[in-house]
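Student: What follows is a predicted protein model with its sequence.
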Protein chains: 2
Amino acid sequence: MQFELTKEYLSALRQEIDLKNADFVKTQLNELYPADIADIFDKLDLEEAQFVYQILDKEEAAEVLMQMEDDAREKFLTSFSSEEIAKGVIDNLESDDAADLIADLPESVKAEVISFIEDAAQASDIVDLLNYPEDTAGGLMAKELIAVNLNWDVFKCLREMRKQAETVESVYTIYVIDDNKKLLGLLSLKRLLLAPEKAKISDLYNPDYIAVKAKQKDEEVSSIMQKYDLVVLPVVDDLNRLIGRITIDDVMDVMKEEAEKDYQLMSGISENIESSDNIMVISRARLPWLIVALFGGVVGSKVIGLYEPQIKINPEMAFFMPLIAAMGGNVGVQSSALIVQGLANNSLSKGGILPKLLKELSVGLFNGVICSVLLLSYNLIFNDSLALSLTVSIALVSVIIFAAIFGTFVPLVLNKYKVDPALATGPFITTSNDIIGLFIYFMIGRVMYGLL
Amino acid sequence: MQFELTKEYLSALRQEIDLKNADFVKTQLNELYPADIADIFDKLDLEEAQFVYQILDKEEAAEVLMQMEDDAREKFLTSFSSEEIAKGVIDNLESDDAADLIADLPESVKAEVISFIEDAAQASDIVDLLNYPEDTAGGLMAKELIAVNLNWDVFKCLREMRKQAETVESVYTIYVIDDNKKLLGLLSLKRLLLAPEKAKISDLYNPDYIAVKAKQKDEEVSSIMQKYDLVVLPVVDDLNRLIGRITIDDVMDVMKEEAEKDYQLMSGISENIESSDNIMVISRARLPWLIVALFGGVVGSKVIGLYEPQIKINPEMAFFMPLIAAMGGNVGVQSSALIVQGLANNSLSKGGILPKLLKELSVGLFNGVICSVLLLSYNLIFNDSLALSLTVSIALVSVIIFAAIFGTFVPLVLNKYKVDPALATGPFITTSNDIIGLFIYFMIGRVMYGLL
């Protein structure tokens, strides 16, 4: 039932495309959904894509275009004239997709494309939408929606809806407004279906509703839709007039981007990139963190340099430096990841920083003691130096506890000062822990070798 | 418009709860949505929660319960008798929520609760649903849906829907079935609204639909709904009979869990935990990775031990060990994170492992050379040892390139053998890179110090 694009399928199809066998290609693609056809388009070269695009029904073709990968679509669209984009593509899109597509066009083409849009209402909707920043409710919303007046009855409502419904792809909710377009509430299709024709909308609608303002951030929109399990969310202006609606599929993209951003920040990647991006883009996104780590490593080398005479006498101390650094780094990342994630889904119970630090302290103490005892047993059996064995284990438990507290503290503080706490994870935490861990290690080493 | 639970609000409300001021509490909560009331419940103690629960309307109370945090709900439910759960809660839930709630109850209570359910059809639905593993389409689906027969006309369809609609909370799609309950297609409410009463369903419905089998994995369900932008997805049995439907809100939870799992694996946390879990749970989830890192550190210490005589003569070599290890670790995590993410959203263009390795090799070479040149300049200015300066920089570029390739290779291979590639990120990659990085470093050091 689900389509999977195999190498064999693709090469058979390309063969027919190259033979310009329109009938065969049409029959094949007729069985597929736009999202599947888009997968195929992503793999075709420009000439092939153009040929297939002409075969498709206009509305489906526009849908396919929207489902393609951004890079592939941008490249493909360069072969379209402004008029073709306006009349062939934009015409067949809902306003939010149309605005997104136009926003991605080169500056020089945008105005031209808009001037070619024939439907004046659609052009005005799109120009409106282009004014909202991409990462706000206004940037996510579409203009198409079904709104009915409070004073209508069911009969008039159904008649008006029939008119409006033509431009709206899927109807989830009917919005009830007053004469000034102010949003008053919601009417479910179910309620409408069950009501007699003479019933007044004012007696049927539900005045409880959740809406967002156009300027609210996309993350806020996403968390509201998730919290209240909404499939569609109305957008209002400052006078509470209904200006659009956001559907869940757009918000899922926001969710995904957020999760990817946090994931990449933890792995030391500073921009949202994909493995398919080119080498320079990938290198540039990764280099800043490597330079942070490099700088940290140089500072670390200075710390170790302070203890050069001791290393000369007790070179075995060098053996466990990487272990101490690595354990500190790992514990720090574990602690900060939990906090970052808790902040991201609001699941962090409130109550100040102190209880969280105490909890991490306990976890650190517990895991630190277990690891230290394991390491001590190993060293007592396989190493003859008691001083080294004790140094390493005492340093390990100290470093783990320090890292646990540090890893908890930093994201919480960043968050308090409105900096993205995810910045704390990854290279930043590991590098700081490396330096401080080594410092702790050598201090304890100096004491232990002095004593024993 | 959106409610935010402040400390002040909560303490004022608790005061009235403790005074048993039912009217005040009722008026306050009437203005809130179940998700907001659930936030309040999460913070109340057992006695307070019981008092508030009685005040709420039954249907709303059940909804609040479902929106509470798992731990808080489980604790709260222990104060309910089996009969109260069946008649007060389960009665007011859709079948999927009801089954989830019963699945979380202690084994000893489950059967008893089911026996108290009065509606035989609901009891049978729930027992059915409990048979499906939690992480399959069957485990996600609900039984409530609107299905109409192919042979009906619009009038009969609307009449039958009025009956069915009472048990279905929100109607997104109408399913068209034959006499054997086989799923034939979909009918949009919009289409139904626009059609004349005498029209036949068989002329109105859309025979193109996407469905899943009950045993398909939840990740598959999630990726299908995302790919095709679906809000609801029908579930069929092996004979293609319609047995349930999955809504997007359930799938969003799956998406979130997947993202969290990958995030936690990268940070060295082996189970899905939250920062609110107790100390033992958190410690247990984190300890295995720490022991992996500890073991790696011990192996690393052995590698360094091989070069003890050299460290004795050239203790400055020890200064840069943590730098080399940290850089290798960071690059490895960067590379593997991109691959893991690409695999997770299917955005990795196909074409075998080789092109990806070559690409990572280029990125590694580029970033490695930049970092090495920076480090060499620093060392030539601030360190007098030419041998050390060259060793560190040559080792750095080698380690970065190795780590880039290794970090790409491991998740791809794991994925090929159906192991979760996210396992490769985090402690595993950093630990392996530590060991191999140190080995490379000392080998190069031996050569350089020998030459210069």
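Tutor: Ah, there it is. Residues are numbered from 1 along each chain as shown, chains lettered A, B, ... in the order given.
Student: Please make it C-alpha for all contacts and neighbour counts, starting now.
Tutor: Noted.
Student: Now do the same contact list for whichever residue of the stretch 1-150 of chain A sits closest to chain B.
Tutor: Here the stretch 1-150 of chain A gets closest to chain B at one residue, A:A35, 6.1 Å apart by C-alpha to the nearest C-alpha. By C-alpha atoms under 8 Å, 6 or more residues apart in numbering or on different chains, A:A35 lies in contact with A:64, A:67-68, B:227-228.
Student: can you rerun that using 7 Å?
Tutor: A:64, A:67, B:227-228 (C-alpha atoms under 7 Å, 6 or more residues apart in numbering or on different chains).
Student: Work out for me the element it sits within.
Tutor: Assessed by DSSP states H and E, A:A35 sits inside helix A:34-43.
Student: got a list of contacts for the following helix or strand past that helix?
Tutor: Downstream of helix A:34-43, the next assigned helix or strand under DSSP H and E is helix A:46-55. Helix A:46-55 has contacts (C-alpha under 7 Å, 6+ apart) with A:17-18, A:22, A:26, A:41, A:61, A:76.
Student: one more time with 8 Å, if that's ok
Tutor: With contact meaning C-alpha under 8 Å, 6+ apart, helix A:46-55 is reached by A:14, A:17-18, A:20, A:22, A:25-26, A:41, A:61, A:76.
Student: If you count neighbours, what's buried in stretch A:356-373?
Tutor: A:356-357, A:359-373 (16 or more other C-alpha atoms under 10 Å in any protein chain shown).
Student: That should have said stretch A:386-396, apologies.
Tutor: A:387-396.
Student: So which elements touch the helix or strand containing A:L265?
Tutor: Assessed by DSSP H and E, A:L265 sits inside helix A:248-266. The contact analysis (3 or more C-alpha pairs under 8 Å, 6 or more residues apart in numbering or on different chains; DSSP states H and E) places helix A:248-266 against helix A:218-227, helix B:248-266, helix B:321-344.
Student: Name the stretch from these where average model confidence is lowest.
Tutor: Confidence, taken as mean pLDDT, is least for helix B:248-266 of the helices and strands packed on helix A:248-266 (a mean of 84).
Student: From the contact counts, what lies against the helix or strand following it?
Tutor: Remark: after helix B:248-266, the chain's next helix or strand is helix B:279-306, criterion DSSP H and E. When contacts are defined as 3+ C-alpha pairs under 8 Å, 6+ apart, helix B:279-306 packs onto helix A:321-344, helix A:353-382, helix B:427-451.
Student: So the first one, near chain B or not?
Tutor: Think helix A:321-344. Yes. Counting by C-alpha under 8 Å from any C-alpha of the partner chain, chain B has neighbours in helix A:321-344: A:321-327, A:330-331, A:333-334, A:337-339, A:341-342.
Student: same deal with the longest one?
Tutor: Yes. Contact between helix A:353-382 and chain B is present through A:359, A:362-364, A:366-367, A:371, A:375 (criterion: C-alpha under 8 Å from any C-alpha).
Student: got the contact list for A:L242?
Tutor: Here A:L242 is in contact with A:177, A:181-183, A:234-236 (C-alpha under 8 Å, 6+ apart).
Student: Just the closest of the residues of helix A:321-344 next to chain B to chain B, please.
Tutor: Minimum distance to chain B across these is 4.1 Å, recorded for A:L323 (C-alpha to the nearest C-alpha).
Student: does that closest one really touch B:S301, like I thought?
Tutor: Yes. Applying C-alpha atoms under 8 Å, one finds A:L323 in contact with B:S301, separated by 7.4 Å.
Student: For the two, indicate the residue with more neighbours.
Tutor: Higher neighbour count among A:L323 and B:S301: A:L323, with 28 against 21, using other C-alpha atoms under 10 Å in any protein chain shown.
Student: With adjacent residues omitted, what lies nearest to that one?
Tutor: Leaving aside its sequence neighbours, A:L323 sits nearest to B:G297 (C-alpha to C-alpha, 6 or more residues apart in numbering or on different chains; 4.1 Å).
Student: The one you found: how many residues sit nearby?
Tutor: B:G297: 26 neighbours (other C-alpha under 10 Å).
Student: right, and it touches B:S432 too?
Tutor: No. Between B:G297 and B:S432 there is no contact under C-alpha under 8 Å: 9.5 Å.
Student: okay, now the domains of chain A?
Tutor: For chain A, automatic domain parsing gives the domain ranges A:7-140, A:147-247, A:279-451.
Student: Single out the most deeply packed of the ones you listed.
Tutor: Highest mean neighbour count among the domains of chain A (mean count of other C-alpha atoms under 10 Å in any protein chain shown): domain A:279-451, with a mean of 21.
Student: Between the two ends of it, how far is it?
Tutor: Start and end residues of domain A:279-451 are separated by 54 Å (C-alpha to C-alpha, to the nearest Å).
Student: That domain: how far from the chain's middle?
Tutor: The chain centroid and the centroid of domain A:279-451 are separated by 29 Å under C-alpha atoms, centre = their mean, to the nearest Å.
Student: ok, now stretch A:100-110?
Tutor: 23 Å.
Student: any idea of the mean pLDDT in it?
Tutor: Stretch A:100-110 comes out with an average pLDDT of 90.
Student: Repeat that for stretch A:427-438.
Tutor: When pLDDT is averaged along stretch A:427-438, the result is 86.
Student: for chain A, which residue is closest to the average position?
Tutor: A:E257 (1.3 Å; C-alpha atoms, centre = their mean).
Student: Is A:Y172 in a helix, a strand, or coil?
Tutor: coil (DSSP: H, G, I helix; E, B strand; the rest coil).
Student: same thing with the one 3 residues further on?
Tutor: Here A:Y175 is recorded as strand under three-state DSSP.
Student: What is the subsequent helix or strand relative to the lowest-mean-pLDDT helix or strand in chain A?
Tutor: Least confident helix or strand of chain A, by mean pLDDT, DSSP states H and E, is helix A:189-194 with a mean of 76. Next helix or strand after helix A:189-194 toward the C-terminus (DSSP H and E): helix A:201-204.
Student: for that following helix, the distance to its chain's centre please.
Tutor: Relative to its chain's centre, helix A:201-204 lies at 40 Å (C-alpha atoms, centre = their mean).
Student: Now do it: everything it contacts.
Tutor: By C-alpha under 8 Å, 6+ apart, helix A:201-204 touches A:149-154, A:157, A:187, A:191-192.
Student: The strand or helix carrying A:F402 - contacts with which helices or strands?
Tutor: Assigned by DSSP H and E, A:F402 belongs to helix A:386-416. If contacts are counted by 3+ C-alpha pairs under 8 Å, 6+ apart, helix A:386-416 sits against helix A:321-344, helix A:353-382, helix A:427-451.
Student: tell me the mean pLDDT for that helix?
Tutor: Average pLDDT, helix A:386-416: 91.
Student: would you say A:G185 is within a helix?
Tutor: No. Looking at A:G185 with three-state DSSP, it is strand, so not inside a helix.
Student: How much space separates it from chain B?
Tutor: A:G185 sits 13 Å away from chain B, going by C-alpha to the nearest C-alpha, to the nearest Å.
Student: Run through the bridge partners of that residue.
Tutor: Applying DSSP bridges to A:G185 gives these bridge partners: A:V176.
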